[in-house]
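**Student:** sequence first, then the predicted structure, then my questions.
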Amino acid sequence: MDILGVMNIGSSALRAQTIRLNTISSNLANIETTRTPEGGPYRKKSAVFTTASTSFEAHLEQGRPQTAQGVNVQYIRTDNGPGKMVYDPSHPDSDENGYVEKPNINLAEEMTDMMRARGSYEANVTAIKSAQRMAMKALEIGR
Amino acid sequence: MIHGLFDTTIQALDKALELRSQKLQVISSNIANAETPGYAPIRMDFEKSLQEAVSGPESGQVRTHQNHMPAAGGKDLSDFRASFHRDYDRSGIGDRNSVSIEQEMVDLSENQIRYEAAIQMLNKKFSMLKLVIQERT
């Protein structure tokens, strides 16, 4: 069952990386958003990862050194740090001094995070492919 | 376990395949958690100890005199277990995650190559056995 376990772990990681990529694209899309239902500008969101048991056995053996675990998104963290203050008196959301609070998103940070998400995704796909190839080879024993 | 027909080599290869697929799971766990805060990568060691178990003393029958026939015991590797430990991050900076994705990818491909090598060896052993048990026509 080990090889199928690898598939489960790999797919949990692919799911987690997809959620991470979703938050990144949400951040990029809302880089200029100054109005949200919660009020104020959009706040940067990021996915927080945690280890996850992909099988009942793994859950029972949690904490032991040999327990292989998958990954899960624990929650989406909202960064409540201050946004960039941009001077734009003509903007409808500008304050009495003419400043607009833009979302606290750094474009370069989001782009590098996106590259890392893609790299992790590819690494997990490679692990799944390796498992698949090993399983196919095992079927050839005795041919 | 039938000794004689399925010798120590086949047993060792069989065990190696089992351990390699277990190691694949360990590596994939490390890759999946490459960015999980606080995750310490699992390290699995068995190569040296398996080699020692294969070349070590035979279980079961023991030859007590040098003039006796060699004991047709063979080795029992079914109880062999790999050893595991975790590589905790000791740098004290960052999110206490110490996974090196490059290291894991190298381990992944090495593991796969060694798995396939073991399968090839097993296939060779079986084809030799097949040749031997064939009826001459």
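**Tutor:** Looks like it arrived, so ask away. Residues are numbered from 1 along each chain as shown, chains lettered A, B, ... in the order given.
**Student:** other residues contacting the least confident helix or strand in chain B by mean pLDDT?
**Tutor:** Within chain B, judged by mean pLDDT, DSSP states H and E, the helix or strand with the poorest mean is helix B:47-55; its value is a mean of 84. Outside helix B:47-55, the residues that touch it by Cβ atoms under 8 Å, 6 or more residues apart in numbering or on different chains are B:Thr8, B:Ala12, B:Lys15, B:Ala16, B:Leu19, B:Lys75, B:Leu77, B:Phe80, B:Ala82, B:Ser83. (C-beta placed from N, C-alpha, C; glycine too.)
**Student:** which pLDDT does the model give the closest residue in space to the last one that isn't next to it in sequence?
**Tutor:** Pointing back at B:Ser83 there. The spatially closest residue to B:Ser83, leaving aside those adjacent along the chain, is B:Asp45, at 5.1 Å (Cβ to Cβ, 6 or more residues apart in numbering or on different chains). The score at B:Asp45 is 89. That number is its pLDDT.
**Student:** who's in contact with B:Asp45?
**Tutor:** Residues counted as contacts of B:Asp45 (Cβ under 8 Å, 6+ apart) are B:Ala82, B:Ser83, B:Phe84, B:His85.
**Student:** pull out the buried positions in the helix or strand hosting the third one.
**Tutor:** If I follow you right, that is B:Phe84. If you go by DSSP states H and E, B:Phe84 is part of strand B:83-86. Neighbour-count burial for strand B:83-86, counted by 16 or more other Cβ atoms under 10 Å in any protein chain shown, picks out B:Phe84.
**Student:** need the three-state assignment for A:Asp95.
**Tutor:** coil (DSSP: H, G, I helix; E, B strand; the rest coil).
**Student:** setting the sequence-adjacent residues aside, check what's closest to residue 32.
**Tutor:** Since no chain was named, I'll use chain A. Closest residue to A:Glu32 apart from its sequence neighbours, by Cβ to Cβ, 6+ apart: A:Lys102 at 6.7 Å.
**Student:** wait, I meant chain B there
**Tutor:** Nearest residue to B:Ala32, sequence neighbours excluded (Cβ to Cβ, 6+ apart): A:Ala13, at 3.5 Å.
**Student:** and what of A:Ser130?
**Tutor:** With sequence-adjacent residues excluded and distances taken as Cβ to Cβ, 6+ apart, A:Ser130 is closest to B:Gln112, at 4.9 Å.
**Student:** ok, B:Ser98 next?
**Tutor:** If you skip the residues right next to it in sequence, B:Ser98 has B:Asp89 as its closest partner in space, 3.6 Å away by Cβ to Cβ, 6+ apart.
**Student:** cool, B:Asn97 as well?
**Tutor:** Spatial nearest neighbour of B:Asn97, chain neighbours left out: B:Tyr39 (5.2 Å); criterion: Cβ to Cβ, 6+ apart.
**Student:** and that neighbour, how many neighbours?
**Tutor:** Burial of B:Tyr39, expressed as a neighbour count using other Cβ atoms under 10 Å in any protein chain shown, amounts to 24.
**Student:** name the helix or strand for the residue sitting nearest the centre point of chain A, please.
**Tutor:** For chain A, the residue lying nearest the average C-alpha position, counting by Cα atoms, centre = their mean, turns out to be A:Arg20 (1.8 Å). Assigning secondary structure by DSSP H and E places A:Arg20 in helix A:2-29.
**Student:** tell me the helices and strands packed up against that helix.
**Tutor:** strand A:45-52, strand A:70-78, helix A:107-139, helix B:8-32 (3 or more Cβ pairs under 8 Å, 6 or more residues apart in numbering or on different chains; DSSP states H and E).
**Student:** and the helix or strand just after the first one, does that touch chain B?
**Tutor:** Secondary structure here is assigned by DSSP H and E; on that basis, the next helix or strand after strand A:45-52 toward the C-terminus is helix A:56-60. No - on the criterion Cβ under 8 Å from any Cβ of the partner chain, helix A:56-60 is out of touch with chain B, staying 9.0 Å away.
**Student:** and helix A:56-60, average pLDDT?
**Tutor:** The predicted model gives helix A:56-60 an average pLDDT of 71.
**Student:** and that helix, how far out from the chain middle?
**Tutor:** Chain-centre distance of helix A:56-60: 25 Å, with Cα atoms, centre = their mean, to the nearest Å.
**Student:** quick check: the residue nearest to B:Ala32 vs A:Ala47, distance?
**Tutor:** Applying Cβ to Cβ, to the nearest Å, the value for A:Ala13 to A:Ala47 is 12 Å.
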